[in-house]
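Peer 1: Need coordinates for the below:
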Amino acid sequence: MKTTILTLAVFFIGLLAMNAQDKKEIQIKTSAQCGMCKDRIEKALSYEKGVISSNLDVKTKVATVVYNPNKTTPDKIRLAISKVGYQADDLKADPFAYEELPPCCKLPDDPNHMEHQH
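Peer 2: A predicted model of the protein is given here:
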């Protein structure tokens, strides 16, 4: 009985160690402008296979993404951000998705950019 419990304990510890190794973190500079951008980017990343969690700091415009490197890559994560209309590091925003963004989410130098009205 003691051997079975010990074997199970070692097995579960091994599983936890394997899961810990299957996580990496990346920080991606985005072109996010506001809370709506944060919601849009985090929602898009939540649908990406291999993304465990994401958090975008609107002030710094940096998305911190925890992901499983066996299921996705930093380039795929950047592409997912681009596909919803935002720059991701050096990757430009998808032009069609960018055009669909609300005016407050567009870049400040864009003539169609408009600040939030409070």
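
Peer 1: Please make it C-alpha for all contacts and neighbour counts, starting now.
Peer 2: Noted.

Peer 1: Confirm Leu79 sits in a helix?
Peer 2: Yes. Using DSSP: H, G, I helix; E, B strand; the rest coil, the assignment for Leu79 is a helix.

Peer 1: Just give me the neighbour total for it.
Peer 2: 19 (other C-alpha atoms under 10 Å).

Peer 1: Then the one 5 residues further on?
Peer 2: Residues lying near Val84 (other C-alpha under 10 Å) number 22.

Peer 1: In this structure it contacts Glu99, no?
Peer 2: No. With contact defined as C-alpha atoms under 8 Å, Val84 and Glu99 do not form a contacting pair (10.1 Å).

Peer 1: which residues are contacting stretch 98-115?
Peer 2: With contacts defined as C-alpha atoms under 8 Å, 6 or more residues apart in numbering, stretch 98-115 is touched by 31-34, 36-37, 84-86, 116.

Peer 1: Give me the buried positions along that stretch.
Peer 2: By neighbour count with 16 or more other C-alpha atoms under 10 Å, stretch 98-115 contains the buried residues 98, 101, 103-107.

Peer 1: Next: stretch 44-58.
Peer 2: So stretch 44-58, judged by 16+ other C-alpha under 10 Å, has buried residues 44-45, 50-52, 54-56, 58.

Peer 1: Quick check: the farthest pair among these?
Peer 2: Maximum pairwise distance in these, criterion C-alpha to C-alpha, is 23.2 Å, between Gly50 and Val58.

Peer 1: quick revisit: of the buried residues of stretch 98-115, just say which sits nearest to Ile77.
Peer 2: Proximity of the buried residues of stretch 98-115 to Ile77 (C-alpha to C-alpha) peaks at Tyr98, which lies at 17.0 Å.
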